[in-house]
Each structure stands twice: as structure tokens, then as C-alpha cells.
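[1] Need coordinates for the following:
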Amino acid sequence: MSLVHPFAKSIIQNCQKDNSWLIMLKWSKIDEVKKILEDRCDFISSVGSFILKYKYKGVDISFYKNGKLIFTNVENIEIIIKDLLG
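    Here you go, the predicted model:
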């Protein structure tokens with residue numbers, strides 16, 4: 001499956017077992033996506049100063065400050081991306 005989003009360089013399925021997806025953000029969009037996550041998601045924890053963990057509608061989201069997002073427990077990635085990131 002090939003997915004495209006204006007914020008993303010690439011979107012690929014990471015693991016079928018936990019239904020996770022890896023999204024590599026465009027450099028110019030990292031700060032904008034971080035702000036969206038802060039506004040729309042429940043903050044869970046941080047791992048050092050590099051990884052921020054969020055929860056959105058049952059989906060676990062790990063935001064890496066280098067522009068990587070990992071969505072875990074996703075039923076439909078297209079719906080989640082559209083709903084969360086627009």
C-alpha cells in the first residue's frame with residue numbers, strides 16, 4: 001500500500017503483529033506536526049528529550065524529534081492520518 005500525505009516523505013507499515021506504521025516527516029513539517037500532536041493528543045510520557053509518546057483515539061504515537069512518527073495499534077492508517085493531521 002502506498003500512502004501520500006503533504007507532511008510525510010514516506011509512510012510504510014512497520015509491523016503487522018502490532019499493526020504499526022512508520023511515518024517519516026518532511027523536515028519543514030516537523031514543528032507543525034509536533035504542535036498538532038500537543039494540541040490534539042493526550043501526552044503519555046517522554047523518553048529523555050528525544051521521544052514524546054502520545055495517545056489518540058486508542059492509537060499509540062511515538063514522536064521522534066528527528067522527524068519520525070510511529071503509530072501503533074492502528075486499525076486504518078488512512079483514517080487516522082486524515083483525522084489527526086488533516
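[2] Which element, helix or strand, includes the spatially most central residue of the chain?
    What sits nearest the mean C-alpha location of the chain, by Cα atoms, centre = their mean, is residue 69, with 3.9 Å. Element membership of residue 69, judged by DSSP states H and E, is strand 68-72.
[3] what lines up beside that strand in the sheet?
    Strand 68-72 has the following strand partners under DSSP bridges: strand 20-25 (antiparallel), strand 59-64 (antiparallel).
[4] Nearest to residue 36, out of these?
    Taking Cβ to Cβ, strand 59-64 is the member of those nearest to residue 36, at 10.0 Å. For every residue, glycine as well, the C-beta is placed using N, CA and C.
[5] Which strand or helix spans residue 31?
    Element membership of residue 31, judged by DSSP H and E, is helix 30-40.
[6] How about residue 53?
    Using DSSP H and E, residue 53 falls in strand 51-56.
[7] CA atoms of that strand as CSV?
    In CSV, the C-alpha atoms belonging to strand 51-56 read as follows (Å, rounded to 0.1, in the frame of the first residue of the first chain):
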residue,chain,number,x,y,z
ILE,A,51,10.9,10.8,22.1
LEU,A,52,7.5,12.0,23.1
LYS,A,53,4.7,9.5,23.5
TYR,A,54,1.0,10.3,22.9
LYS,A,55,-2.4,8.6,22.7
TYR,A,56,-5.0,9.5,20.1
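[8] Which neighbours in the sheet does that strand have, and how are they oriented?
    strand 42-47 (antiparallel), strand 59-64 (antiparallel).
[9] Export the ones you listed as a markdown table, with columns for mean pLDDT.
    Putting these into a markdown table (pLDDT from 0 to 100) gives the following:
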| stretch | mean pLDDT |
| --- | --- |
| strand 42-47 | 96 |
| strand 59-64 | 97 |
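[10] and residue 6, which of those strands is closest to it?
    Per Cβ to Cβ, nearest to residue 6 of the strands paired with strand 51-56: strand 59-64, 17.5 Å.
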